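In: what follows is a predicted structure for the sequence shown.
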Amino acid sequence: MAQSLSAIEEQYRENGFTTLPFPQDLRLEMLEHIETHIRELYAFHNEKEAERKISLETIVAKIPDDIWSQKMHRGFRMFPKKITEKLREWAHSCIAIPFNKTISAVNAVDEKEITLNPKLTQESLAIYWRCVRPGKPDAGRPHRDATFWVIELEQGYNPKIPFAFDYIKDCIKVWIPLKGCTPKTSLQVIPKSHRMNLPVAVDDTEYGRRPNIEKTWLESHEQDFASPPELSQGECIIFDMDLVHRGPTHNNNELRISAELSLVVR
Ligand SMILES: O=C(O)CCC(=O)C(=O)O
Ligand SMILES: [Fe+2]
């Protein structure tokens, strides 16, 4: 007899996403790591001012765009092992188990990222943070994460998952709001779009090949993008690799900081 679906999985299958509580102590630990990283980056370039305790927003506004984009390469935004281990444990018990799965894993960082960042090892997990500056074009285009897998696997990426898996069916994306995530600045999704037939595209950008969705389709679905209200109330979102989503650019004064990982379950 087929096992009945948990309420979490039922919602996830129906809408392509669901929200889940996220532990506040872990959120604070992640934020502490990010804040230290950004302050150190700033101090390196501005020794004199580094001592003054100025806001993260002020610091980030003073970092020139070219340095920001170099230093914010994904390889530099990976969480250290101490934090990735805790996130792995949380994801296994709060996502894999309610989905009736017995094994789970998180993909490893890319070889190029290890070359770039000496703090990474072959075992480092691709669990990383993102910092969107107000009024800057830091947010990407709407996409399906499945397209990222296609591009990366084509380019020879080895996710080092210790069991066979399907990168659409067995993979759950997790987006965790950490700071400045208001109803207007949090991740937006198109509910049920994981089941839609739609024209995906790949663009060559200054950051490499990036997934996109055809303009006409996006224009006709603009009003369908919605941000789950729970994201500004401390919850995180888990979503299907085929769900269409985007991170909006924003014009308030606060940085928007979030974290991401892909959980592979069997
Ligand atoms: O946070 C963003 O701006 C985009 C995040 C995203 O695309 C993802 O988590 O898959
Ligand atoms: Fe994404």
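Out: Received, thanks. This is a predicted model, so every value here is computed, not measured. Ligands and ions are numbered 1, 2, ... in the order given.
In: switch to C-alpha atoms for all contacts and neighbour counts from now on
Out: Fine.
In: which single residue in the chain comes nearest to ligand 1?
Out: Nearest residue of the chain to ligand 1: residue 247, at 3.4 Å (CA to the nearest ligand atom).
In: burial count for residue 129?
Out: Residue 129 has 23 neighbouring residues, counting by other CA atoms under 10 Å.
In: just checking, it touches residue 257?
Out: Yes: between residue 129 and residue 257 a contact is recorded at 7.0 Å, counting by CA atoms under 8 Å.
In: which residues touch residue 176?
Out: 22, 235-237, 258-260 (CA atoms under 8 Å, 6 or more residues apart in numbering).
In: what do you get for residue 199?
Out: Counting by CA under 8 Å, 6+ apart, residue 199 makes contact with 213-214, 217.
In: dump those to TSV, plus distance to ligand 1 and pLDDT.
Out: As requested, those are exported to TSV (distance: CA to the nearest ligand atom, whole Å; pLDDT from 0 to 100):
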residue	distance to ligand 1	pLDDT
213	13	92
214	16	90
217	18	94
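In: can you tell me which of the residues you listed are in strands?
Out: residue 213 (DSSP state E).
In: including distance to residue 11 and neighbour count, could the contacts of residue 199 go into JSON lines?
Out: Formatted as JSON lines, these follow (distance: CA to CA, whole Å; neighbours: other CA atoms under 10 Å):
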{"residue": "213", "distance to residue 11": "25", "neighbour count": "19"}
{"residue": "214", "distance to residue 11": "27", "neighbour count": "14"}
{"residue": "217", "distance to residue 11": "25", "neighbour count": "12"}
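In: ends of stretch 229-247, how far apart?
Out: 15 Å (CA to CA, to the nearest Å).
In: not counting its neighbours along the chain, what's nearest residue 202?
Out: residue 211 (4.5 Å; CA to CA, 6 or more residues apart in numbering).
In: so that neighbour lies in a helix, does it not?
Out: No: if the criterion is DSSP: H, G, I helix; E, B strand; the rest coil, then residue 211 is strand and not within a helix.
In: ok, residue 225 to residue 63 distance?
Out: Residue 225 is 32 Å from residue 63, by CA to CA.
In: ok, which stretches of the stretch 151-266 of the chain are helices?
Out: Counting by DSSP state H, counting those that start in this stretch, the stretch 151-266 of the chain has helices at residues 215-221.
In: returning to what we had before: now the contacts of residue 176 in JSON lines, with neighbour count, distance to ligand 1 and pLDDT?
Out: Below are these laid out as JSON lines (neighbours: other CA atoms under 10 Å; distance: CA to the nearest ligand atom, whole Å; pLDDT from 0 to 100):
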{"residue": "22", "neighbour count": "17", "distance to ligand 1": "16", "pLDDT": "98"}
{"residue": "235", "neighbour count": "20", "distance to ligand 1": "14", "pLDDT": "98"}
{"residue": "236", "neighbour count": "23", "distance to ligand 1": "11", "pLDDT": "98"}
{"residue": "237", "neighbour count": "22", "distance to ligand 1": "9", "pLDDT": "98"}
{"residue": "258", "neighbour count": "23", "distance to ligand 1": "6", "pLDDT": "97"}
{"residue": "259", "neighbour count": "21", "distance to ligand 1": "7", "pLDDT": "98"}
{"residue": "260", "neighbour count": "19", "distance to ligand 1": "5", "pLDDT": "98"}
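In: beta partners of residue 259?
Out: Following DSSP bridges, residue 259 is listed with bridge partners residue 129, residue 176.
In: would you confirm that it contacts residue 129?
Out: Yes: using CA under 8 Å, residue 259 is in contact with residue 129, at 4.1 Å.
In: for stretch 70-80, list every residue counted as buried.
Out: 74-80 (16 or more other CA atoms under 10 Å).
In: close to ligand 1, is it?
Out: No: residues of stretch 70-80 are not located near ligand 1 by CA under 6 Å from any ligand atom, the shortest gap being 12.3 Å.
In: pull the distance from stretch 58-76 to the chain's centre.
Out: Counting by CA atoms, centre = their mean, to the nearest Å, stretch 58-76 is centred 18 Å from the centre of its parent chain.
In: how long is it end to end?
Out: 21 Å.
In: what of stretch 239-247?
Out: This stretch, stretch 239-247, spans 14 Å end to end (CA to CA).
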